[in-house]
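Chemist: Sharing a model that was predicted from the sequence below.
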Amino acid sequence: MAQGTVQVTHSGTSRWRRRTGEYASLAAALEAAADGDVLTIAPGTYRENLVVRRPVTLRGPEGAPGSVRIAPPDGVPLTVRASAVVQDLHVEGQDGAAPALLVEEGTPELRDVRIVTRSAAGIEVRGGARPTVRRCTVDNPAGIGIAVLDGAGGVFEECEVVSAGQAGVSVHGGAHPRLERCRVHHAAGNGLTATGENSALEAVGCEVYEVRGSGVQVTGRATAHLTDCDLHRTTADGVTLDTDAVLTLADCRIHDVPENAIDLRSRSVLTLTRTTVRQFGRNGLSVWDPGTRVDANQCEIFDSTGDYPAVWVSDGATAVLDACRVHDVPDALFVLDRGSRADVVDSDLYQVRNTAVSVSDGATAQLDDCRIRDAATGAWFRDHGSGGNLANCTVDGTQTGVIVTKGADPTVERCTVDSPAEAGFYVSAGGRGTFVNCRVSGSGGYGFHVIDGCRTTLRKCRTERCARGGYEFADAGPDAGSGTGPVVEDCTSDESGGLRPPGARETAEQSAAPSSAGLLGAIPGQRALDAEPAVAAVGPEQPARSSKDVLGELDALVGLDSVKREVRALTDMIEVGRRRQQAGLKAASVKRHLVFTGSPGTGKTTVARLYGEILASLGVLEKGHLVEVSRVDLVGEHIGSTAIRTQEAFQRAHGGVLFIDEAYALSPEDAGRDFGKEAIDTLVKLMEDHRDAVVVIVAGYTAEMERFLSVNPGVASRFSRTITFGDYGPDELLRIVEQQADEHEYRLTPGASEALLKYFTAIPKGAAFGNGRTARQTFEAMVERHASRVAQLAEPSTDDLTLLYGEDLPELP
């Protein structure tokens, strides 16, 4: 479109000037215009660099938006240095070092201006300018969308940045604009950014989305205030505050953020009011560094899409949550590091997959009148120096209500734990804590479970309807010093015998039936006395077999020649050592824990059971029974429950053998946040503390077990030897089938035996091959096919009912 003409309507009354005039260029029209004149630009493209120095109106024709293009080849297309009105123009710039529209002075009004450019900035406001910008659009994929700097201000109403090569809106140098009902999207940098001392940004009813940086960034002593704004679909954090920044978010919505929804550090201060944060990939609220503080009131943080705590407070920062809700997240609140503090008042933490509140590394948490429900762990105070106070809180529907470990020392007052699947309050590994006027009801485990002689204080506590007992106090072990153990005052239970204080343990155990108290000690009170008669009612125990009888059963097993030699050698060492001790001689120390390696179905579990019987017959173990577990039995969904599960499995195996199948699964190669390491650490400690009470056998595939032992040297050092179970050959598999047939009163025809040998020779020996299990499954398949065949006979003979033929073999897999 060619350049058109410009009509100037003069507002003056001088008879010496024409009322109207037409000019061939915008520059000429502006030169001729007086204050208050209206310049109406005809449709066309104007290759001029315009400077508006008077308070005039510069506009395109009515009803033809976008028909006037200001598009010089370089420089600034339009500069405004007066309180003018500019409307209905299309501005294009090509200079990467200059803005497309520059406002330098006055209080101009820009309306319905569309800027499509590749400039340093779409709109730049500087100096003392205070423009009002309404319904303007900026499309600038090469630079900043809107830049306000050097003390400038202004109001932007219903404007839109549709693309920006850098920040959508940038405020610095002490500028202080206000955005109302604006939209900023598809920016390659941050959506809104304010930087520098005295810089301030206010936004009301705005939306920021589809930006490749943070939605809002405030740094370097700048301040910002956002009200009723939406921030979503960012590539980086939703909101970032750094270096003494101050931000207020009121009635805002932050969602669909792959990183932290809000991240603040370096003495920044954030105030959140009635704001929702949801669908975030890392932390919903991440607070770092001394002097950094967040105050959240009536906010909601929920629906995490990642595997991180919703609220993270560390490195000396402070967070205050008042009347907030945090839910549907992996963890609700993590407070870490000395000097870090979280104060949570009248808030709800629920639908938490792991831990609702975790306090560690010397941090402090204060919870008042809060409600925690549907979490794996309600609150966990993890280590030395970590503490705080829980007061008037309720914990409902958790695995464990409150956990205190490793020297942590919180105060818990007037709190209630309802229906925990495991313990209401669990204290272990040197944890302390003071519990006053607390109540546990409906526990699937103990009400208060204090182990390792922890110096916990319980005052005026109450338990009701706890499946395993209201209170359990386990000994610290023979190496514990004096003065260990809990202090219990005025505590009650709905159990008929009441609470037995830790100091009364000896009397209670002497009056109970003569069985082992287990690793966690006897159940306190009358329960210990009442539980034993039920055991006696079962009837007389079967006499234990001698080691010779058990070894005979071992020898009768098919194959396993090297395994049998290893077990016999170990048995001989133990037996001779026992006899040397009886003769008053020194006996070599024999570690009885074993590693079994080999493929599935090679008899590892069977040999473990026989090994336990052998040790019991030699007097090494009290019972010799076998407790078989795997990863799922030891590893919980959250830190804390894993230690409890492992300890309980160890207790069940007391006096016998704990057989951990596929033990390598406790230490996966991509462990990450896996809790298997906690099971391993707990297991190693228990093996050391109770070395004479339980024999542990870890088993699994050969290669995987070698890796497991190599990356866990603390585990490897606890085992005396590794016994490898080789795969069965065709002849041995045939013998297993023959044993199965004889046991179930079947017979193999000669043809069936030959067919089985060929079958076991040809069967694939891949990962799915089950060795002895495959032999048993083959026999079961032959029995089923035999039944289908014989069922068709009207009057089958004894041979028909017992003989298995080659045709009864299943097809090769």
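Modeler: Okay, I see it.
Chemist: Is residue 22 within a helix or a strand, and which one?
Modeler: Per DSSP states H and E, residue 22 falls inside strand 20-23.
Chemist: what comes up buried for that strand?
Modeler: For strand 20-23, the neighbour count (16 or more other C-beta atoms under 10 Å) marks 21, 23 as buried. For every residue, glycine as well, the C-beta is placed using N, CA and C.
Chemist: Does anything pack onto the strand ranked longest in the chain? Which helices or strands?
Modeler: Looking across the chain with DSSP state E, the single longest strand is strand 348-360. Helices and strands touching strand 348-360, by 3 or more C-beta pairs under 8 Å, 6 or more residues apart in numbering; DSSP states H and E, are strand 325-329, strand 331-336, strand 341-345, strand 364-368, strand 371-381.
Chemist: Which parts of the stretch 401-550 of the chain are strands?
Modeler: Taking DSSP state E, counting those that start in this stretch as the test, the strands found in the stretch 401-550 of the chain are 411-413, 416-418, 425-428, 434-436, 439-441, 446-450, 457-459, 462-464, 469-473, 487-489, 492-493.
Chemist: Now do the second one: everything it contacts.
Modeler: Strand 416-418 is touched from outside by 378, 393-398, 401-402, 424-425, 438-443, with contacts defined as C-beta atoms under 8 Å, 6 or more residues apart in numbering.
Chemist: how does it look with 7 Å?
Modeler: With contacts defined as C-beta atoms under 7 Å, 6 or more residues apart in numbering, strand 416-418 is touched by 378, 394, 395, 396, 401, 402, 424, 425, 439, 440, 441, 442.
Chemist: tell me the mean pLDDT over it?
Modeler: Average pLDDT, strand 416-418: 97.
Chemist: Give the partner strands of it in its sheet and their orientations.
Modeler: Using DSSP bridges, strand 416-418 pairs in its sheet with strand 394-396 (parallel), strand 439-441 (parallel).
Chemist: Also the third one?
Modeler: Strand 425-428 has the following strand partners under DSSP bridges: strand 400-405 (parallel), strand 446-450 (parallel).
Chemist: Mind exporting the C-alpha coordinates of the last one to PDB?
Modeler: Backbone C-alpha positions of strand 446-450 (Å, rounded to 0.1, in the frame of the first residue of the first chain) are rendered in PDB as follows:
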ATOM      1  CA  TYR A 446       1.000 -50.300  69.100                       C
ATOM      2  CA  GLY A 447      -0.200 -47.000  70.400                       C
ATOM      3  CA  PHE A 448       3.200 -45.900  71.600                       C
ATOM      4  CA  HIS A 449       6.100 -47.900  70.300                       C
ATOM      5  CA  VAL A 450       9.500 -46.900  71.800                       C
END
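Chemist: Could you tell me how far that strand lies from the centre of the chain?
Modeler: Strand 446-450 sits 26 Å away from the centroid of its parent chain (C-alpha atoms, centre = their mean, to the nearest Å).
Chemist: what angle do it and strand 469-473 make?
Modeler: Strand 446-450 runs at 10 degrees relative to strand 469-473, counting by axes from the mean of the first three to the mean of the last three C-alpha atoms, to 10 degrees.
Chemist: And for strand 446-450, what's in contact with it?
Modeler: Taking C-beta under 7 Å, 6+ apart as the rule, strand 446-450 contacts 423-427, 440, 456, 458, 461, 463, 466, 468-473, 486.
Chemist: one more time with 8 Å, if that's ok
Modeler: Contacts to strand 446-450, defined as C-beta under 8 Å, 6+ apart, come from residues 423-428, 435, 440, 456, 458, 461, 463-464, 466, 468-474, 486, 493, 520, 644.
Chemist: residue contacts, the residue nearest to residue 549 when sequence neighbours are not counted?
Modeler: Among residues not flanking residue 549 along the chain, residue 617 sits closest, at 8.0 Å (C-beta to C-beta, 6 or more residues apart in numbering). Counting by C-beta under 8 Å, 6+ apart, residue 617 touches 544, 545, 546, 547, 549, 550, 624.
Chemist: gap between residue 107 and residue 302?
Modeler: To residue 302, residue 107 is 44 Å away according to C-beta to C-beta, to the nearest Å.
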